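My questions are about this predicted structure, shown below with the sequence.
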There are 2 protein chains.
Amino acid sequence: MVRPREFDEEKALDAAMQIFWEKGFEATSLSDLTLRMGIQRPSIYSAFGDKKELFEAALRKYTRSHSAYVRTSLQNNSSVKEGFRAFFENMVANEYEKGPNRGCFCINTMVELSPHDEKFEVLTREHEMYLSVIFQETIERGVQSGELDADLNTKGLAQTIVVSLIGLTVIMKSRPERSFVDNSVEVILSLLK
Amino acid sequence: MVRPREFDEEKALDAAMQIFWEKGFEATSLSDLTLRMGIQRPSIYSAFGDKKELFEAALRKYTRSHSAYVRTSLQNNSSVKEGFRAFFENMVANEYEKGPNRGCFCINTMVELSPHDEKFEVLTREHEMYLSVIFQETIERGVQSGELDADLNTKGLAQTIVVSLIGLTVIMKSRPERSFVDNSVEVILSLLK
DNA sequence: ATTATAACGTACCGATCAGTATGTTATAAT
DNA sequence: ATTATAACATACTGATCGGTACGTTATAAT
């Protein structure tokens, strides 16, 4: 009975995610969005609501896929420590290879919006807490298997890894010498023993 | 021969620093600035140049005073480990007590501007590298005095403390439970032995 | 007292912002 | 084939953006 949508909502949302991720909320204009999403302004509003609602949808898409990525990434390796090593080294390599240097969409949002918008404070916090749980479960798997010491403070350690992950992601935005980051990763991994 | 300035440049710059620190570059308007600095628009341009030059001056003022604060803060305590503990605990307490939740101006800038503006990439990197040097010198003082193990990787440890400091500052923007941060501080301090 | 100079306040500039009114077009149900 | 519906493209809204032109005022040197 009605005219069907001509664009793929999921692809459009993905495009919005990419540009918000790269430029942040304030620096991204509606014109930027229509250009990259390949659709007109009213289509954005009818499909996603206003700019902030679109941003929220994009962030939710990001955290969902990022959580899944982290989870499977750590499950890939039978050794917990090697799993974490591969995870960190991969992240560092990715950030140094590519051009844009976008970091993590969730962390960017934590800095830009969370202090001024409770909705994003909650959203970003919940993602980091979820990562912390994944890390803790992974560490406990290592304890269970005997790979890691039984007296490890698994919760505190997982929380510290979240903190370190954020710190590494952010400092890489200033492009420090690669050795700076590599050294830090090594010291952080030394906590897993 | 000329009419003298009626406002205190240093106070005006300080006001600009406060608001840029709180809201970031993009979200701060010229109207915000004239309001908080207590001067008119043309006065800003004649005294500080355009918005980005003013921002740069404000950031330089911040990094200068922050460096001095960190340096003296760590010198206050004769025990290196207790010095770091006091430093971290103070930072956490400050961030949780106050309302605004501004974090660190330099870190905010690293996230917002460094990936898109080489000048700020350099500026923010240099500040973090400077902090790393302060931390390393402090750790080496502890090694020298016998408080810390002689086989510590002082450089890597200092770099890791920078990374942790950034991570803690950023995650506090999402207001995690206090215990999350406290636990992380404890684990990080455990590296100093 | 006159004059040169720059800081001052006001009021403006074109550009761009987020968001929308409107008329047209395409589709599915009848 | 007709009709109801919503997606579409165009073009617009008022507001606000960063930045500046300009006329006035206050000061210091003469």
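Ah, there it is. None of these values were measured; they are calculated from a predicted model.

contacts and neighbour counts: CA atoms only from here.
OK.

got any ranges where chain A has weak pLDDT?
A:1 (pLDDT under 70).

if you count residues, which helix in it comes out on top?
helix A:118-145 (DSSP state H).

Geometric centre of chain A: which residue is closest?
When C-alpha atoms, centre = their mean is applied to chain A, the residue found nearest the centroid is residue A:104 (4.4 Å).

now the helices for chain A?
Remark: helices assigned in chain A by DSSP H are A:9-23, A:30-37, A:41-48, A:51-75, A:80-97, A:105-112, A:118-145, A:154-171, A:178-189.

of all the ones you listed, which lies closest to DNA strand D?
DNA strand D lies closest to helix A:41-48 among those, at 4.5 Å (C-alpha to the nearest atom of the strand).

Check which helices and strands that closest one sits against.
helix A:30-37 (3 or more C-alpha pairs under 8 Å, 6 or more residues apart in numbering or on different chains; DSSP states H and E).

and the angle from the helix it packs on to helix A:9-23?
130 degrees (axes from the mean of the first three to the mean of the last three C-alpha atoms, to 10 degrees).

Distance from the chain centre to the longest helix of chain A, please.
Put simply, helix A:118-145 sits 12 Å off its chain's centre (C-alpha atoms, centre = their mean, to the nearest Å).

Can you point out the buried residues in that helix?
A:120-121, A:123-125, A:127-129, A:131-136, A:138-143 (16 or more other C-alpha atoms under 10 Å in any protein chain shown).

next one: stretch A:15-28
Quick answer for stretch A:15-28 (16+ other C-alpha under 10 Å): A:15, A:16, A:17, A:18, A:19, A:20, A:21, A:22, A:23, A:24, A:25, A:28.

Now distance to residue A:151 too, for these, in TSV please.
Output for those, formatted as TSV (distance: C-alpha to C-alpha, whole Å):
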residue	distance to residue A:151
A:15	46
A:16	45
A:17	42
A:18	42
A:19	45
A:20	43
A:21	39
A:22	41
A:23	44
A:24	42
A:25	44
A:28	48
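
among these, which are within reach of DNA strand C?
Among these, the residues that sit close to DNA strand C (C-alpha under 7 Å from any atom of the strand) are residue A:28.

need the buried residues of stretch A:15-28 in JSON lines with distance to DNA strand D, can you?
Converted to JSON lines, the buried residues of stretch A:15-28 look like this (distance: C-alpha to the nearest atom of the strand, whole Å):
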{"residue": "A:15", "distance to DNA strand D": "15"}
{"residue": "A:16", "distance to DNA strand D": "15"}
{"residue": "A:17", "distance to DNA strand D": "18"}
{"residue": "A:18", "distance to DNA strand D": "20"}
{"residue": "A:19", "distance to DNA strand D": "20"}
{"residue": "A:20", "distance to DNA strand D": "19"}
{"residue": "A:21", "distance to DNA strand D": "21"}
{"residue": "A:22", "distance to DNA strand D": "20"}
{"residue": "A:23", "distance to DNA strand D": "16"}
{"residue": "A:24", "distance to DNA strand D": "16"}
{"residue": "A:25", "distance to DNA strand D": "14"}
{"residue": "A:28", "distance to DNA strand D": "13"}
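
All set now, cheers.
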